[in-house]
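Participant: The following comprises the amino acid sequence and a computationally predicted model.
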Amino acid sequence: MGGDHGPAVTLPACRAFLDKHPQAELVLVGTAAALEEATTLPRCTHVIATEVVTMDDAVEVALRKKRDSSMRVAIQQLKDGAHACVSAGNTGALMAVARYLLKTLDGIERPAIATVMPNRLDGYTTVLDLGANVDCTPEHLLQFAVLGSALVAAVDNKPEPSVGLLNIGEEAIKGSETIKRAGELLRAAGTAGHINFQGNVEGNDIFMGTVDIVVCDGFVGNVLLKTSEGLAAMLSDFIKQEFTRTPLAKLAALVALPVLRRFKHRVDPRRYNGAALLGLRGLVFKSHGSADAYAFEQALTRAYDAARNRLLDRVQDRIVDTLPAGQDRLESLSSGDAASPQAA
């Protein structure tokens, strides 16, 4: 029901997803009227909700007043046996309801939003947090590194993905006090063998593919995400306009068309739709609110792959290895006592 388009986008996306994944099953949660349109979809269970969280609803409304919203009922399905939940709805409401119903994993204070961005190595870089936490402590950034490492290890089959801390320079002495302290914690965790920390990185390193994972606070991450989406759209429009100005430009466009199409496909933000809400006791994925059917299908696929690769179990295992005593472990790292893996 969520997003800018609702069932007009989500239902065609579900059909396309089911056609490509014959082993998958979907639980569709929505109003009775919306679910009537989904009667022809195969391998679907329908769950009726009487309320809908709108994109303008405050978090308090979603959490306290709309107790039978499709968003809340969908997240409840995780507790009742579903493997993952996907929503294009109100991000703040989704995070609040998911955190209230599912709770966070032991050792994790705040969930983080993680997604991928294309890089020049014909792959992508995972970035978190992208807006769930505006103000972060150094301990939160350490936790994000642990969560991101588990995500990439599970989905991309990289046992020890490399981690970088987003900063205004590579030198350890640069950045705010929070960033410098976070660097100390990350280096301690790296020395102990818990994460593969490579040091500070800058914004261009995300698109260079310098590391597999880039950690930042939610304010910086959200600005970065929206900027990259705007740049991709502007670049696509610029190419389209420039190659239609003159007959010679049109001829050049015709010659370059295969390359331009490959480039457009590579930087298309729809391909990377579906951000994971990491740190919860359940797999929740957030689709962009303006997603079309193709983009929402990608979010479904990303959630399906995460469940199939046991992402939640791997996150829990990595937390146990890195933060075995929860907050006690964080305090140990904060005091500079980076215990060895054997001691942990």
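Facilitator: Perfect, thanks for sending it.
Participant: Leu102 contacts Val284, doesn't it?
Facilitator: Yes - counting by Cβ atoms under 8 Å, Leu102 touches Val284, with 7.5 Å between them. Glycine gets a C-beta too; all of them are placed from N, C-alpha and C.
Participant: more neighbours, those two?
Facilitator: Val284 (26 against 21; other Cβ atoms under 10 Å).
Participant: Report the beta-bridge partners for that one.
Facilitator: When bridges are called by DSSP bridges, Val284 pairs up with Cys85, Leu277.
Participant: what's near enough to touch it?
Facilitator: For Val284, the contact set (Cβ atoms under 8 Å, 6 or more residues apart in numbering) comprises 75, 78, 84-87, 94, 98, 102, 276-277.
Participant: Show me where this protein has its strands.
Facilitator: With DSSP state E as the criterion, the chain has strands at 26-30, 44-48, 85-87, 112-118, 124-128, 162-166, 196-201, 213-215, 275-278, 284-286.
Participant: With mean pLDDT and distance to Lys20 added, can I get those strands in a markdown table?
Facilitator: Below are the strands of the chain laid out as a markdown table (pLDDT from 0 to 100; distance: least, Cβ to Cβ, whole Å):
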| stretch | mean pLDDT | distance to Lys20 |
| --- | --- | --- |
| strand 26-30 | 97 | 13 |
| strand 44-48 | 96 | 15 |
| strand 85-87 | 97 | 15 |
| strand 112-118 | 93 | 19 |
| strand 124-128 | 95 | 20 |
| strand 162-166 | 97 | 31 |
| strand 196-201 | 97 | 33 |
| strand 213-215 | 98 | 28 |
| strand 275-278 | 94 | 20 |
| strand 284-286 | 96 | 17 |
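Participant: Just name the most buried of these.
Facilitator: strand 213-215 (a mean of 29; mean count of other Cβ atoms under 10 Å).
Participant: got any ranges where the protein has weak pLDDT?
Facilitator: Counting by pLDDT under 70, the low-confidence segments of the chain come to 239-240, 242-244, 253, 257, 259-261, 263-267, 323-344.
Participant: report the longest helix in it, please.
Facilitator: helix 218-242 (DSSP state H).
Participant: distance between that one and the chain's centre?
Facilitator: Remark: helix 218-242 is offset 18 Å from the chain centroid, using Cα atoms, centre = their mean, to the nearest Å.
Participant: Which one of the strands of the chain lies nearest to Ala252?
Facilitator: Nearest to Ala252, of all the strands of the chain, is strand 112-118, at 24.9 Å by Cβ to Cβ.
Participant: partners of that closest one in the sheet?
Facilitator: strand 124-128 (antiparallel), strand 275-278 (antiparallel).
Participant: Need those strands in TSV (columns: distance to Val163).
Facilitator: Listed next are these as TSV, based on distance: least, Cβ to Cβ, whole Å:
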stretch	distance to Val163
strand 124-128	9
strand 275-278	14
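Participant: so which of the ones you listed comes closest to Val220?
Facilitator: Among those, the nearest to Val220 by Cβ to Cβ is strand 124-128 (9.7 Å).
Participant: Please list the outside residues in contact with that closest one.
Facilitator: 112-119, 144, 147-148, 151-152, 161, 206-207, 209, 211-216, 221, 224-225, 272, 278.
Participant: what's the burial count for the residue nearest to Asn222 when sequence neighbours are not counted?
Facilitator: Distances taken as Cβ to Cβ, 6 or more residues apart in numbering put Gly131 closest to Asn222, at 3.8 Å, once the chain neighbours are dropped. The tally of other residues near Gly131 (other Cβ under 10 Å) stands at 22.
Participant: thought Gly131 was touching Ala114?
Facilitator: No - under the criterion of Cβ under 8 Å, Gly131 makes no contact with Ala114, lying 10.8 Å away.
Participant: so who does Ala153 touch?
Facilitator: If you count contacts by Cβ under 8 Å, 6+ apart, Ala153 has them with 159-161, 314, 318.
Participant: 6 Å instead?
Facilitator: Going by Cβ atoms under 6 Å, 6 or more residues apart in numbering, Ala153 touches 159, 161.
Participant: Ala306 versus that one, what's the distance?
Facilitator: Distance, Ala153 to Ala306, by Cβ to Cβ, to the nearest Å: 12 Å.
Participant: cool, and Val315?
Facilitator: Val315 is 10 Å from Ala306, by Cβ to Cβ.
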